[in-house]
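**Q** let me see the structure of the following:
(chains A and B)
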Amino acid sequence: MENVEYIPNTILQKVISVGDIDNYLRDIDPYTTIGGYIAKAEDVKHLSNASDVFDGLRLDYPGTKFTKDVDYALIRFKTDEVSKVEIPYSNKISDDPNAKSSISYPLTGNGFTSARDGSLIPEYEASSYMKPQDGAKLYKVVNGNEEIIGVYDGTLGRFRK
Amino acid sequence: MIRNDIYCLYKGKEFRFVHKVDGTYEIVTKNKFNIDESFDFYQNEIYRKQIELDEIEDVYSINSFAVYKGEIFAVSRSIGSDVELYTSNIELAKENNMNQIGKSEFIKVVSKTEVEVFEEKKQLNLK
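**A** Modelled structure (predicted):
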């Protein structure tokens, strides 16, 4: 995967299912880091409801917990581990030594989601778990309305309600 | 101990490194032997001290990985006597009967006795 030209103050966004909220807020053994597919918040600000997010980020992968009409959650965060933010290229279109061989539709491997409305939404992947900066926010999105349900306490090293 | 965090060296000792939302920096530890009177008690046995970047010698991330059945997985967290393995590799996930939690994200909880955990350290440039 190719590293990204990236400014540390960039706000990133990770969509998670409502069912995974507890993994970040639970008292015992919570998730304290962020991994997987992410986007720059400014690139996805037009995705404001479950249907938009589902189609725009192509969350219709096999085994998905998301649907077009189910609420979701998201984390908006900055990170100091900028070198871990990479473009998840397929080795079919990139000779990058870290390009992936195991990408299958709806993943594209070209650096963009295959958004159903044809818009170009860049997507990124954390090469390993990233620590959010203090103040990262966890939102539950119900009927398109965002509600803050957790804030990352950097000193404590976890999200708190 | 499973570590996925940012650390730094301050006066030769390792501390967790925190970039606060107001732009300041802290070093944090639960180890009372690493602190002096300049540290404040926070909560949950955590002590903290505000520092300037110039005061620390090194900043680096540490991520935990595990060898499980001959393959390498990230370790997302420790759960009691188990660890949660993570991969974004679909083939590897299928081979190991892992549960999908997100877009090309797969996990599996296994006993710590089934894995060999190791850490990877990467330098960070914040200055």
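**Q** where are the low-confidence patches of the chain?
**A** You didn't pick a chain, so chain A it is. Along chain A, the model assigns pLDDT under 70 to residues A:1-8.
**Q** my bad, the chain I had in mind was chain B
**A** Filtered on pLDDT under 70, chain B yields the residue ranges B:127.
**Q** longest strand of it, counting residues only.
**A** strand B:58-68 (DSSP state E).
**Q** that one packs against which elements?
**A** Judged by 3 or more CB pairs under 8 Å, 6 or more residues apart in numbering or on different chains; DSSP states H and E, the packing partners of strand B:58-68 are strand B:5-10, strand B:71-79, strand B:82-87, strand B:116-123. In this view, the C-beta of every residue, glycine as well, is placed from N, C-alpha and C.
**Q** would you list these in CSV and tack on mean neighbour count?
**A** CSV is the format used below for these (neighbours: other CB atoms under 10 Å in any protein chain shown):
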stretch, mean neighbour count
strand B:5-10, 20
strand B:71-79, 19
strand B:82-87, 22
strand B:116-123, 12
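**Q** how about these in JSON lines, adding distance to A:Val151?
**A** Shown next, in JSON lines, are these (distance: least, CB to CB, whole Å):
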{"stretch": "strand B:5-10", "distance to A:Val151": "18"}
{"stretch": "strand B:71-79", "distance to A:Val151": "20"}
{"stretch": "strand B:82-87", "distance to A:Val151": "24"}
{"stretch": "strand B:116-123", "distance to A:Val151": "27"}
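**Q** export those strands to JSON lines and tack on distance to chain A?
**A** Compiled in JSON lines, the helices and strands packed on strand B:58-68 are given as follows (distance: least, CB to the nearest CB, whole Å):
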{"stretch": "strand B:5-10", "distance to chain A": "5"}
{"stretch": "strand B:71-79", "distance to chain A": "5"}
{"stretch": "strand B:82-87", "distance to chain A": "7"}
{"stretch": "strand B:116-123", "distance to chain A": "7"}
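**Q** biggest strand in chain A by residues?
**A** From DSSP E, the single longest strand across chain A is strand A:145-153.
**Q** ok, that strand: who's next to it in the sheet?
**A** When pairs are called by DSSP bridges, strand A:145-153 turns out to pair with strand A:137-142 (antiparallel), strand A:158-160 (antiparallel).
**Q** how far away is the nearest residue to B:Lys122 once chain neighbours are set aside from A:Ile87?
**A** Closest residue to B:Lys122 apart from its sequence neighbours, by CB to CB, 6 or more residues apart in numbering or on different chains: B:Ser61 at 5.0 Å. Applying CB to CB, to the nearest Å, the value for B:Ser61 to A:Ile87 is 20 Å.
**Q** higher neighbour count, these two?
**A** B:Ser61 (25 against 20; other CB atoms under 10 Å in any protein chain shown).
**Q** who are the contact partners of the more buried one?
**A** Listed by CB atoms under 8 Å, 6 or more residues apart in numbering or on different chains, the contact set of B:Ser61 reads A:Glu81, A:Lys84, A:Lys131, B:Asp5, B:Ile6, B:Tyr7, B:Lys121, B:Lys122, B:Leu124.
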